[in-house]
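A.B. asks: Here's a sequence, model it:
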Amino acid sequence: MKIYIRSSACVSAQHTLGVQNFLEDIVEYTGNRLPVIEPDYKRYIDPKQIRRMSHVIKMGIAAAKECLAEAGVDMPGAIITGTAFGCMEDTITFLTRIIEYHEELLPPTAFIQSTHNTVAAQIALLLKCHNYNNTFVHKGMSFEGALFDAVMLLKEEEANNVLVGGTEEMVDTSFTVLTRLGLYRRFPVSNLDLFKTVSKGTIGGQGAAFCLLSTDISPDNLAELRAVKTLYKPKDIEEGIAGFLKANFLTITDIDLVINGKNGDINNDEPYKQLEAGLFKETTIANYKHLCGEYPTSSSFALWLASNILKKQVVPEVLLEDNKIVGPPKSVLYYNHYQGKYHSLMLLFAI
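C.D. replies: Sure, this is the predicted structure:
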């Protein structure tokens, strides 16, 4: 049974939601964190409800509803999301009020919406969807966990289509903490020059990306999701990738494009450089985190990116470090690791 990506939608730091031009109008930022380009949320949410929703909830709902609209589907068979940090804004608001109100007479809204499954729940409430609803919170593998669950539901014929998404927001408090831990750079840099400056740390990111998975064959499908795999602290990642390809009866020569998770951090990028000198030596490499920033569920942005590349049969030059022109790809391998621990692989093919 084949799994297809029927549609995909993304809220990010670039013009990615509901636009026809595929990464043609690139936005450049200078700093150490990327905002998102806010859509008109009134298109997706009742204005009376918007003011009670945090940023990540609004992003998630906009991406999910746009994804369903592009597929022409009113009601998904299941809703599954992945997030590492959840609703950070509401969590911090609730914890701050505990101190400010001396643990008395706390407003309940921030607490209710601070749980990690709030985005999936709010989407279901707006759609009046009573089907399967789940959220995975597995740090750098959260979105991949959601994908695994969706694929199993489809193969077990528990649902005919599944809405899967990854969401993450960046707030001042979490950005400050993660910067102190060395994840982000302490000086401003242009996102388009991210890979030209050798330094510790990268740029912070956020966003929400959803795709609709289905087993139905359609000429409108974006791509085929052939396989997904996660690895935790592998001893030899090159061997792990080769084994992943072999399990799918492929070798690296069958792959037209590799999308990797290079983020400009000198330590983070070392495994990618070793692969480029070894297994990926003869394969075209594309980067994406200079467009969306680094965050645990950035693989959801990568899936949106890969499926559109295969559908439109074009690789935007901004993804290629040397801006070289490559032919229309028929197969894409995605490889990413988060903080050197959580490694993930996805294999996609053109329809």
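A.B. asks: low-scoring stretches of the stretch 51-200 of the chain, by residue?
C.D. replies: Along the stretch 51-200 of the chain, no part satisfies pLDDT under 70.
A.B. asks: can you do 90?
C.D. replies: 51-52, 88-114, 197-198 (pLDDT under 90).
A.B. asks: for it, what spans make up the strands?
C.D. replies: Listed in chain order, the strands of the stretch 51-200 of the chain (DSSP state E, counting those that start in this stretch) span 78-82, 132-136, 161-168, 189-190.
A.B. asks: now, of those strands, which is deepest in the fold?
C.D. replies: Ranked by mean neighbour count, the strands of the stretch 51-200 of the chain are led by strand 161-168 with a mean of 31 (mean count of other C-beta atoms under 10 Å). To be clear about C-beta, it is placed using only N, CA and C from the backbone, and glycine gets the same treatment.
A.B. asks: Report the spatially nearest residue to the spatially most central residue of the chain, omitting neighbours in sequence.
C.D. replies: Most central in the chain under C-alpha atoms, centre = their mean is Ser300, positioned 2.1 Å from the mean C-alpha point. Ranked by C-beta to C-beta, 6 or more residues apart in numbering and with sequence neighbours excluded, the top spatial neighbour of Ser300 is Gly166, at 2.9 Å.
A.B. asks: Touching, that neighbour and Gly145? I think so.
C.D. replies: No. Look at Gly166 against Gly145 with C-beta atoms under 8 Å: they stay out of range, at 10.0 Å.
A.B. asks: Am I right that Ala306 is in contact with Asp256?
C.D. replies: No. Between Ala306 and Asp256 there is no contact under C-beta under 8 Å: 11.2 Å.
A.B. asks: Give the residues shared as contacts by these two.
C.D. replies: When contacts are counted by C-beta atoms under 8 Å, 6 or more residues apart in numbering, Ala306 and Asp256 are jointly contacted by Val332.
A.B. asks: quick one: which of the two has more around it?
C.D. replies: Taking other C-beta atoms under 10 Å, Ala306 and Asp256 do not tie; Ala306 has more neighbours (28 against 20).
A.B. asks: Enumerate every residue touching the more buried one.
C.D. replies: So Ala306 contacts Ala223, Ile259, Val332, Tyr334, Met346, Leu348 (C-beta under 8 Å, 6+ apart).
A.B. asks: what domains does the record give for this protein?
C.D. replies: 3-214, 223-349 (automatic domain parsing).
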